[in-house]
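Just need the structure, nothing else, for what follows:
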Amino acid sequence: MSSPNADHIRAQVRALLTRLASGAAFRDDQDVLATGVIRSINLLELIVGVEDDHAIEVDQRDVFEGRLRSVDTLVAFVTARLTVVA
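Numbering: from 1, shown residues only. Next comes the predicted model:
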């Protein structure tokens, strides 16, 4: 597997979050769960989207440790997972 491209990952993550947020505006460093941009009911869709888009597994620990809370944390998480897989 090739080295993950952070810009490509950021674009995919941002597109997924924008869809789940119904177009609501948010910053890359904003906690989209705590601020209500993404409702908790959409968390499962977020997990499945990240897993499907990047062929990685998200476990409970990743959720509880805040790895899915913003574009920035998601990009770091996905990049790290893809680097381990590569």
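
Grab the most central residue of this structure for me.
Nearest residue to the geometric centre of the chain (Cα atoms, centre = their mean): residue 74, 3.8 Å.

For it, which three-state class applies?
helix (DSSP: H, G, I helix; E, B strand; the rest coil).

Not counting its neighbours along the chain, what's nearest it?
residue 13 (4.6 Å; Cβ to Cβ, 6 or more residues apart in numbering). From N, CA and C alone the C-beta is placed, and that goes for glycine too.

where does that neighbour land in three-state SS?
Criterion first, three-state DSSP; result for residue 13: helix.

Please determine how far residue 39 is located from residue 45.
Residue 39 sits 10 Å away from residue 45, going by Cβ to Cβ, to the nearest Å.

quick one: buried residues of the helix-or-strand element of the chain with minimal mean pLDDT?
Lowest by mean pLDDT, DSSP states H and E among the helices and strands of the chain is helix 71-85, with a mean of 92. The neighbour-count check on helix 71-85 (16 or more other Cβ atoms under 10 Å) flags 71, 73, 74, 75, 77, 78, 79, 81, 82 as buried.

by contact count, what packs against it?
If contacts are counted by 3 or more Cβ pairs under 8 Å, 6 or more residues apart in numbering; DSSP states H and E, helix 71-85 sits against helix 6-20, helix 43-54.

Pull the number of nearby residues for the residue nearest to residue 74.
Residue 13 has 25 neighbours, counted by other Cβ atoms under 10 Å.
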